[in-house]
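J.: only the shape, not the letters, is given here:
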């Protein structure tokens, strides 16, 4: 499950070494990967550290809205699948923190940035999961949007990030299918169940569409990340791809999208869609979404309540090492 | 912030996985763990949830000695310039057949 493009401002180009920078760019232009100890411009390092860590935070915070339904999953099969999905999200967070660490920022520093509110995570996780159908909608739409975003990242110029994304994309496909299956089952169930699926789609559609970030015309971004081959497609291109892929899937199970302007354009062969409410997007990003405070409170509590576990594990490892050393001396 | 300074960090481990017998162990990623036993268990949970492996190695990251990428031209130049090390350097008449 991925974050949207948050489109943070580019790092100001520091006065670097022009020879090294030219060599770096030539390397990237030749579609060769950059590895952790290779020389890289400071801006590249900073941009990637921020993007990968925000992506990692999104995976971790993303466990909260779904974890909310594990104990209330309607069947054992659904519960096992949801548990496996949430476990995957934790794993994705770990791959990504590891990838970011190779750029020289420790995991603890990144945790601190998340918990202090300095770092952002995907705005989508600040919406509540009110019914079981929301678990279906998240898998189908949120993970579906994530896949659109993430597939091009498998070719990102930074090796560790690209490798992490390959693993993540493989696992993401299960997430989307299990979500769509939940929606399909509800949509073909009783009228009440179908209404529940429709309600979930109504609430999750626009936030999912917003996951691709601000419109290209409104982007503060220069094309620096494109030049560095971190990003490969524009926000609007990816958004259109997602809408084109998703709308027929929704119609197939008899659901309607909450957009009266949604219409297939015979000329362009794309789905035209209505205006996106960017004020809502900006509000949620800025911290005023329905669940921002709750998510951060839960995340901080999990971190604080886990402290004794982290300390005990270290103490235990230390005790074992000392015991082994003592036994070795005694044996000599 | 004070907690950041006092809380000790778990060491980093590199994880290598053999996906099936006949193949060598391959670097899968890294993780943090307090000792080798924990690193193995975490590697199992994190990197082999879908039948990715039959065997796992975990190695403390600081135990790995790596070549310096800035030296790579000097380090690997000898293998670039000795084309006579490759079979295609030698001309053998077609009539001899596959060799």
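T.: Happy to help now that I have it. Predicted model only: the values in this text are computed from it and were never measured.
J.: the strands in the stretch 201-332 of chain A, which residues?
T.: Ranges of strands within the stretch 201-332 of chain A are A:263-265, A:270-272, based on DSSP state E, counting those that start in this stretch.
J.: just name the most buried of the ones you listed.
T.: Among the strands of the stretch 201-332 of chain A, strand A:270-272 has the highest mean neighbour count (mean count of other CB atoms under 10 Å in any protein chain shown), at a mean of 16. For the C-beta atoms, the positions are set from N, CA and C on the backbone; glycine is no exception.
J.: packing partners of it?
T.: With contacts defined as 3 or more CB pairs under 8 Å, 6 or more residues apart in numbering or on different chains; DSSP states H and E, the packing partners of strand A:270-272 are helix A:235-252, strand A:263-265.
J.: the helices in the stretch 201-332 of chain A, which residues?
T.: Assigned by DSSP state H, counting those that start in this stretch, the stretch 201-332 of chain A shows helices spanning A:224-227, A:235-252, A:278-283, A:292-305, A:307-331.
J.: so which of those helices is nearest chain B?
T.: helix A:307-331 (3.8 Å; CB to the nearest CB).
J.: for the chain, longest helix please?
T.: All of this refers to chain A. helix A:159-187 (DSSP state H).
J.: hmm, I had chain B in mind actually
T.: helix B:36-47.
J.: between helix B:36-47 and the next helix or strand after that one, find me the angle.
T.: Heading C-terminal from helix B:36-47, the first helix or strand you meet, by DSSP states H and E, is strand B:55-60. Here strand B:55-60 runs at an angle of 120 degrees relative to helix B:36-47 (axes from the mean of the first three to the mean of the last three CA atoms, to 10 degrees).
J.: so for chain B, the centremost residue is which one?
T.: Nearest residue to the geometric centre of chain B (CA atoms, centre = their mean): residue B:27, 4.1 Å.
J.: just checking, that residue touches residue B:43?
T.: No: if you go by CB atoms under 8 Å, residue B:27 and residue B:43 don't touch, sitting 11.6 Å apart.
J.: tell me, what's touching the two both at once?
T.: residue B:15 (CB atoms under 8 Å, 6 or more residues apart in numbering or on different chains).
J.: looking at the helices and strands packed on strand A:270-272, which is nearest to residue A:325?
T.: Nearest to residue A:325, of all the helices and strands packed on strand A:270-272, is helix A:235-252, at 55.4 Å by CB to CB.
J.: between helix A:159-187 and the closest one, find me the angle.
T.: 30 degrees.
J.: tell me what helix A:235-252 is packed against?
T.: Helix A:235-252 packs on helix A:143-150, helix A:191-210, strand A:270-272, going by 3+ CB pairs under 8 Å, 6+ apart.
J.: 10 Å - rerun?
T.: Helices and strands touching helix A:235-252, by 3 or more CB pairs under 10 Å, 6 or more residues apart in numbering or on different chains; DSSP states H and E, are helix A:143-150, helix A:159-187, helix A:191-210, strand A:263-265, strand A:270-272.
J.: and the helices in chain B, which stretches?
T.: B:2-6, B:36-47, B:72-81.
J.: residue B:60 bridge partners, please.
T.: Beta bridges link residue B:60 to residue B:13 when assigned by DSSP bridges.
J.: what about it, distance to residue B:20?
T.: 26 Å (CB to CB, to the nearest Å).
J.: shaky segments in the chain?
T.: Using chain A here. Residues of chain A meeting the criterion pLDDT under 70: A:1-15, A:219-222.
J.: actually it's chain B I care about, not the one you picked
T.: For chain B, the ranges with pLDDT under 70 are B:1-7.
J.: that older thread, in a markdown table: the helices of the stretch 201-332 of chain A, plus mean neighbour count.
T.: Output for those, formatted as a markdown table (neighbours: other CB atoms under 10 Å in any protein chain shown):
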| stretch | mean neighbour count |
| --- | --- |
| helix A:224-227 | 16 |
| helix A:235-252 | 18 |
| helix A:278-283 | 14 |
| helix A:292-305 | 14 |
| helix A:307-331 | 11 |
